[in-house]
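> Quick one: sequence plus predicted model below, questions after.
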Amino acid sequence: MSKLFIKTFGCQMNEYDSSKMADVLKASHGYELTTDPEAADLLLLNTCSVREKAQEKVFSELGRWKEWKSAQPGRVIGVGGCVASQEGEALAKRARIVDLVFGPQTLHRLPELLEQARRTQRPAVDIRFPEIEKFDKLPEPRAEGPTAFVSIMEGCSKYCTFCIVPYTRGEEVSRPLDDVLAEIASLLEQGVREITLLGQNVNAYRGPMAGGGSCDLALLIHVLARFETLGRIRFTTSHPAEFGDALIETYATQPKLAGYLHLPVQSGSDRILGMMKRGYSRAQYLDKIRRLRQARPDLALSSDFIVGFPSESDEDFEQTMALIEEARFDSAYSFIYSPRPGTPAANLRDNVKVEVKQQRLERLQARIREFGAGFAQELVGSSQTVLVEKRGRHDGQLAGRTPCNRWLNFDGPDALIGRFVDVQVTEALTNSLRGRLAGTAAAGA
């Protein structure tokens, strides 16, 4: 039986895409996934170009694979995702061991590309943007546990000056409502109890409806809540400029929507936000946060920050720190700015010293950690409804996520996996929580 190895860089969208690659290749050629790359007949890299030196990471990995290719010339190597979309045929020319190059929107064509490469003995390349076609061509969704990602839209039309996503994944395209509901219904039949809705700009979802009109994210959440066996709904990633009143109200009215939100702000300086072309001001962002916490007082909030954007001054950075104090984020992804080739910001003079960027980043991250530790401590003694996802690291231990997206470990029987249980938090650790089963679940254990 042929073996497939996939290494994934990047976000949940890439994780979702990698799972679909595996489904497509299993259905077409019988490939079985392996965690051992040296045992694989087909090796795929699913790449991300959002962060610094993305291309270098890809070619470094391919350098490690070159020896395996030499040892087994029939082994096939492919590169997909955003770096593949950026580089195209140039990628195969630079790394001659590569047989397949495909973009995020053409992963469903992997079987045809595989056959083309074998037939012609030349690299097969397809990095087009055929809109929503890939979802029509994918096999039936397959559940792997009680949680699942569901991509409801592709691409982004915001064109922030620092971001490569619109150029590698294309413009925003929403899946029809009926298609999304059919995929989720299938996953629920397979035992899924929590769904995370995915999109580069997920709250821009406008899914066509069969009777005409379109369904936005707020309406979709309310529709999904009618599925009795669906216990919890999450979504990521949102853009503040399109986080509207209806979605804010959903946090107040829909208990199945998890009390957690990732809402990237990038900077607290209006001047820098304007240079980034983010489409909102500092005051507008903070107003949304205020209204969200009115709607859901226990909401946990995370964000993204870019530190050291070209011309960022001390004053600009202090405004970011002041925003952090006001918003009180539970966690954040923060990075030093690095130019992405092909983006407008890449043409700006990167005039902030590296050591200054590093100092600012360390200070920002330290403050976020302080907030996170404080929030975790506040959870001690509380009862949290957890979907048990898997076994914990220790014997007899289980693990699941709280509504606010923190991992909670506790003792219990494997029979609880896939069920919602109430767990009392007993201890806050650096990256997780500990607890004990409460109520009837503890008695049954």
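Arrived safely. Note that the structure is a prediction, hence the values are computed from the model and not measured.
> just checking, residue 156 touches residue 200?
Yes - using CB atoms under 8 Å, residue 156 is in contact with residue 200, at 4.2 Å. Heads up, the C-betas are built off the backbone N, CA and C, glycines and all.
> which one of those two has more residues nearby?
Shown here are residue 156 and residue 200; by other CB atoms under 10 Å, residue 200 has more neighbours (25 against 22).
> Am I right that residue 399 is in a strand?
Yes - assessed by DSSP: H, G, I helix; E, B strand; the rest coil, residue 399 belongs to a strand.
> for the closest residue to it other than its chain neighbours, what are its contacts?
Excluding the flanking residues, the one nearest residue 399 by CB to CB, 6 or more residues apart in numbering is residue 392, at 4.4 Å. Neighbouring residues of residue 392 by CB atoms under 8 Å, 6 or more residues apart in numbering: 398, 399, 409, 410.
> are any of those residues buried, and which?
398, 399, 409, 410 (16 or more other CB atoms under 10 Å).
> Out of the residues you listed, which is nearest to residue 122?
Distance to residue 122 across these (CB to CB) is lowest for residue 399, with 46.6 Å.
> Hmm, that closest one is touching residue 390, no?
Yes - counting by CB under 8 Å, residue 390 is a contact partner of residue 399 at 5.5 Å.
> that older thread, now, among the buried ones among the contacts of residue 392, which is nearest to residue 232?
Nearest to residue 232, judged by CB to CB, of the buried ones among the contacts of residue 392 is residue 399 at 15.6 Å.
> residues touching the nearest residue to residue 300 once chain neighbours are set aside, list them.
With CB to CB, 6+ apart as the criterion, residue 300 has its nearest non-adjacent residue at 3.5 Å, and that residue is residue 404. By CB under 8 Å, 6+ apart, the contact set of residue 404 is 258, 259, 260, 298, 299, 300, 330, 375, 379.
> any idea which helix or strand carries residue 404?
Assigned by DSSP states H and E, residue 404 falls within no helix or strand.
> likewise residue 435?
Per DSSP H and E: residue 435 is located in strand 433-437.
> which helices and strands does that strand pack with?
strand 407-411, strand 420-428 (3 or more CB pairs under 8 Å, 6 or more residues apart in numbering; DSSP states H and E).
> Partner strands of it and their direction?
strand 407-411 (parallel), strand 420-428 (antiparallel) (DSSP bridges).
> ok and that strand relative to strand 397-401, angle-wise?
Inter-element angle recorded for strand 433-437 and strand 397-401: 110 degrees (by axes from the mean of the first three to the mean of the last three CA atoms, to 10 degrees).
> And for the helix or strand encompassing residue 272, what's in contact with it?
Here residue 272 sits within helix 270-276, counting by DSSP H and E. Residues outside helix 270-276 that contact it (CB under 8 Å, 6+ apart): 160-162, 266-267, 280-282, 306, 309-312, 316, 319, 345, 348.
> For ChimeraX, what selects the buried ones among those?
Of the contacts of helix 270-276, the buried ones can be selected in ChimeraX as follows, counting by 16+ other CB under 10 Å:
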select :160,161,162,266,267,280,282,306,309,310,312,316,319,345,348
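> quick one, longest helix in this protein?
The longest helix of the chain (DSSP state H) is helix 354-379.
> which helices and strands does it pack with?
strand 300-307, helix 314-327, strand 331-336, strand 420-428.
> can you redo these as CSV with distance to residue 174 and mean pLDDT?
Listed next are these as CSV, based on distance: least, CB to CB, whole Å; pLDDT from 0 to 100:
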stretch, distance to residue 174, mean pLDDT
strand 300-307, 23, 97
helix 314-327, 29, 98
strand 331-336, 25, 95
strand 420-428, 30, 98
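> could the ones you listed be laid out in a markdown table, adding distance to residue 217?
Formatted as a markdown table, the helices and strands packed on helix 354-379 follow (distance: least, CB to CB, whole Å):
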| stretch | distance to residue 217 |
| --- | --- |
| strand 300-307 | 17 |
| helix 314-327 | 22 |
| strand 331-336 | 21 |
| strand 420-428 | 23 |
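> now, of the ones you listed, which is deepest in the fold?
With neighbours taken as mean count of other CB atoms under 10 Å, the helices and strands packed on helix 354-379 reach their highest mean count in strand 300-307, at a mean of 22.
> angle of the longest helix of the chain against strand 407-411?
Using the same axes, to 10 degrees: helix 354-379 against strand 407-411 is 40 degrees.
> Counting neighbours, which bits of helix 354-379 end up buried?
Across helix 354-379, burial judged by 16+ other CB under 10 Å covers 357, 360, 361, 364, 368, 371, 372, 375, 376, 379.
> for stretch 198-216, same thing?
Residues of stretch 198-216 classed as buried by neighbour count (16+ other CB under 10 Å): 198-208, 215-216.
> where exactly do the helices run in the stretch 101-250 of the chain?
Per DSSP state H, counting those that start in this stretch, the stretch 101-250 of the chain carries helices over the ranges 110-120, 133-137, 165-169, 177-189, 217-224, 245-253.
> Pull out the buried residues from the fourth one.
Within helix 177-189, the residues that count as buried by 16+ other CB under 10 Å are 177, 179, 180, 181, 183, 184, 187, 188.
> and if you look at stretch 397-413?
Here stretch 397-413 shows 398-412 as buried, counting by 16+ other CB under 10 Å.
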